[in-house]
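> Structural data only, the sequence is not supplied:
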């Protein structure tokens with residue numbers, strides 16, 4: 001029996017992205033673009049994989065849903081390939097993120113076939129998505145996977161194996177292990193045609209680990225990786241994708257080659273007599289040896305062979321005779337000259353004659369100087385994947401994850417993602433009402449979200465009031481913000497949500513929420529709406545439930561000079577008391593009684609009947625038994 005892997009099988013599931021491939025691996029920025037396809041790994045918030053025999057977790061990261069299906073990783077007969085058997089259902093049992101586990105009795109395996117559409121371009125474990133953009137198109141590999149928070153048992157010896165030269169160091173090893181791994185939906189090429197294994201088999205993926213390790217490389221190691229990738233692709237010796245299960249060389253093989261070299265060779269091998277051509281040639285010769293021996297060890301699972309008898313050796317023979325002179329000539333003709341074409345004519349013409357070392361050095365120096373003084377980052381493909389992600393992944397948690405992932409690529413993408421997300425929400429508002437999910441997405445993009453840790457719409461009135469208060473404080477502290485109106489409208493929306501909540505604390509919040517709504521309506525010039533909110537408070541006969549809640553002066557946006565004066569005098573009074581009487585605990589200095597402040601706002605809103613409103617204000621002031629300093633000063637003014 002198979003469990004469906006298609007996201008439609010669980011309508012509450014959300015995709016959580018991880019940027020992988022060149023975009024995430026490189027921190028150097030070569031002159032020739034090193035970003036081809038944009039690789040994005042996606043795991044569901046409702047599914048999790050765990051090593052066999054391990055107890056189900058009792059706590060999960062905030063990206064996961066409040067219920068999660070747990071699949072146990074079962075090794076296959078092939079190293080690096082596994083099956084996923086449904087074993088537990090985790091259900092969140094309290095607000096602290098604790099989970100209880102319920103065990104499944106039936107043996108149900110997760111299918112690796114998420115899509116049956118023959119028109120979709122499948123590339124190994126990835127789906128190739130093509131996004132039109134300004135008359136061109138960018139391709140993006142979308143790899144659907146299951147998240148595993150633990151380090152897999154098949155790679156148990158990797159963290160502790162002996163390393164002669166100290167790479168990776170213990171801190172990096174700990175980071176790698178703590179990140180766990182993923183399981184991607186692809187069967188081994190020998191098993192794809194098998195009726196059961198072809199659908200049940202998955203592959204362990206160490207993309208998270210590779211990103212950490214490759215970002216710990218020295219610049220020389222990153223440049224060598226870029227050069228070898230460029231060489232192998234130009235000579236058509238590799239497949240274009242990082243596909244460790246292919247029957248021909250891929251970028252994954254080049255990556256594995258340099259990962260092993262980083263561990264097995266001393267630092268001096270990379271730095272003494274620094275010569276990139278020498279390093280590349282020696283690594284390619286190591287590659288030839290592995291291919292000749294038909295043994296290409298995977299970096300994390302040492303008994304996993306990346307090639308077998310079906311491996312395509314076509315065109316690999318040319319690597320055997322490759323030497324320094326040949327590779328130097330190739331590199332100048334195919335890389336340096338291409339770099340010169342990106343420069344102004346007076347620089348590119350220097351490469352017309354590089355017959356001597358001096359002329360070559362002058363041309364390369366001019367190209368490097370040009371590179372240092374200009375930005376040639378290939379931004380459009382990255383923007384395209386941002387658009388794709390926003391269109392398909394916009395939820396509260398995936399929105400946070402997407403912003404974090406794209407900011408790693410380029411800091412400018414944070415503003416870009418924010419802008420496009422605003423447009424996305426606006427388009428949804430044309431078709432739907434302003435619902436909780438859209439509210440939380442906007443608040444998250446603005447950086448002010450303090451809602452529930454999980455995907456849940458079970459908000460309490462207190463939680464909604466806290467969120468609104470946070471937004472009001474932002475409005476008060478940043479009166480010239482370009483998104484102030486959005487923050488005000490969001491604050492109103494959260495206050496209305498607090499009023500809609502049916503939890504036991506809603507009555508005590510009722511008056512305070514209405515007073516804050518009156519303040520916000522008054523701020524935007526909607527005086528009639530502000531008056532209506534004040535009336536809901538002033539007409540109430542019993543304010544005993546309002547005692548725990550007061551109007552916080554620091555949350556109030558600019559209303560009038562009187563309130564500003566009151567808050568200033570209250571702080572001054574507090575300082576005097578502290579200095580004269582050494583009283584450190586002066587609470588409720590910059591606050592107002594909820595019902596009194598509602599009367600004050602009612603006076604402010606009713607320009608033509610202020611005298612009558614003020615009489616009501618005066619009467620209520622005289623009969624109120626609990627007054628704050630702010631109430632007294634505001635009444636006097």
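Thanks, I have the structure now. Note that the coordinates shown come from a computational prediction; the quantities given were computed from them, not determined experimentally.
> Are we agreed that residue 87 is in a strand?
Yes. Secondary structure of residue 87 (DSSP: H, G, I helix; E, B strand; the rest coil): part of a strand.
> can I see the domain layout of the protein?
What automatic domain parsing lists as the domains of the chain is 1-215, 217-323.
> Residue 612: neighbour count?
11 (other C-beta atoms under 10 Å). The way it works is simple: take the backbone N, C-alpha and C, and place the C-beta from them, glycine included.
> Find the helix or strand that it is a member of.
For residue 612, the element it lies in under DSSP states H and E is helix 610-623.
> Name the surrounding residues that touch the helix or strand immediately after that helix in the chain.
Once helix 610-623 ends, the next helix or strand along the chain (criterion: DSSP H and E) is helix 629-636. Under the contact criterion C-beta atoms under 8 Å, 6 or more residues apart in numbering, helix 629-636 has outside partners 553, 562-563, 565-567, 569-570, 573, 588-593, 596-597, 600, 617-618, 621, 624.
> Buried only: go through those for me.
Taking 16 or more other C-beta atoms under 10 Å as the criterion, what is buried in these is 553, 563, 566-567, 569-570, 589-593, 596-597, 600, 617, 621.
> ok, back up a step: in terms of mean pLDDT, which of the domains of the chain ranks lowest?
Among the domains of the chain, domain 1-215 carries the lowest mean pLDDT, a mean of 82.
> centre of the chain versus it, how much separation?
In terms of C-alpha atoms, centre = their mean, to the nearest Å, the centre of domain 1-215 is found 16 Å from the chain centre.
> gap between residue 48 and residue 516?
Using C-beta to C-beta, to the nearest Å, one gets 40 Å for the distance from residue 48 to residue 516.
> likewise residue 435?
From residue 435 to residue 516 the distance is 21 Å (C-beta to C-beta).
> which one of these two has more residues nearby?
residue 516 (27 against 13).
> Look up the closest residue to the more buried one, ignoring the ones flanking it.
Nearest-residue entry for residue 516: residue 495, 5.6 Å, with adjacent residues in sequence omitted and distances by C-beta to C-beta, 6 or more residues apart in numbering.
> okay, now that neighbour: neighbour count?
28.
> Then residue 178?
Residue 178 has 12 nearby residues by other C-beta under 10 Å.
> can you tell me how far it sits from residue 172?
11 Å.
> what do you get for residue 41?
Residue 41 is 21 Å from residue 172, by C-beta to C-beta.
> More neighbours: those two, which one.
With neighbours defined as other C-beta under 10 Å, residue 41 and residue 172 compare such that residue 41 has more, 26 against 15.
> That one belongs to a helix?
No. Residue 41 is assigned strand when assessed by three-state DSSP, not a helix.
> OK, contacts around it?
Per C-beta under 8 Å, 6+ apart, neighbours of residue 41: 17, 18, 19, 20, 143, 144, 145, 182, 184, 205, 207.
> who does it bridge with?
residue 18, residue 143 (DSSP bridges).
> What distance do you get for it to residue 461?
38 Å.
> cool, residue 86 as well?
38 Å.
> what about these two, which has more around it?
Shown here are residue 86 and residue 461; by other C-beta under 10 Å, residue 461 has more neighbours (23 against 19).
> surely that one meets residue 494?
No. Applying C-beta atoms under 8 Å, one finds residue 461 not in contact with residue 494, separated by 10.1 Å.
> what's the span of stretch 32-52 from first residue to last?
45 Å (C-alpha to C-alpha, to the nearest Å).
> Same question for stretch 262-273.
17 Å.
> List the buried residues for that stretch?
For stretch 262-273, by 16+ other C-beta under 10 Å, it's 262, 263, 265, 270.
> same question, stretch 154-165
So for stretch 154-165, counting by 16+ other C-beta under 10 Å, buried means 154, 155, 158.
> Among those residues, which one lies nearest to residue 549?
Proximity of these to residue 549 was ranked by C-beta to C-beta; the top entry is residue 155 with 54.2 Å.
> Just give me the neighbour total for the spatially closest residue to that closest one that is not a sequence neighbour.
Nearest non-adjacent residue to residue 155, counting by C-beta to C-beta, 6+ apart: residue 300, 4.4 Å away. Taking other C-beta under 10 Å as the criterion, the count of residues near residue 300 is 23.
> for residue 431, same thing?
Residue 431: 6 neighbours (other C-beta under 10 Å).
> Then residue 92?
Quick note: residue 92 (other C-beta under 10 Å) scores 20 neighbours.
> I'd like the distance between the nearest residue in space to it that is not next to it in sequence and residue 216.
Nearest non-adjacent residue to residue 92, counting by C-beta to C-beta, 6+ apart: residue 66, 3.9 Å away. Residue 66 sits at a distance of 36 Å from residue 216 (criterion: C-beta to C-beta).
> Out of these two, name the residue with the larger neighbour count.
Applying other C-beta under 10 Å to residue 66 and residue 216 shows that residue 66 carries more neighbours, namely 20 against 17.
> That one and residue 45, how far apart?
Distance from residue 66 to residue 45, by C-beta to C-beta: 10 Å.
> Ok, residue 217 next?
The value you get for residue 217 to residue 45, if C-beta to C-beta is used, is 32 Å.
> more neighbours, the two?
Using other C-beta under 10 Å as the criterion, residue 217 and residue 45 rank with residue 45 on top: 26 against 22.
> What is the one helix or strand residue 90 maps to packed up against?
Here residue 90, judged by DSSP H and E, is contained in strand 81-92. If contacts are counted by 3 or more C-beta pairs under 8 Å, 6 or more residues apart in numbering; DSSP states H and E, strand 81-92 sits against strand 47-51, strand 67-75, strand 99-103, strand 109-110, strand 201-205.
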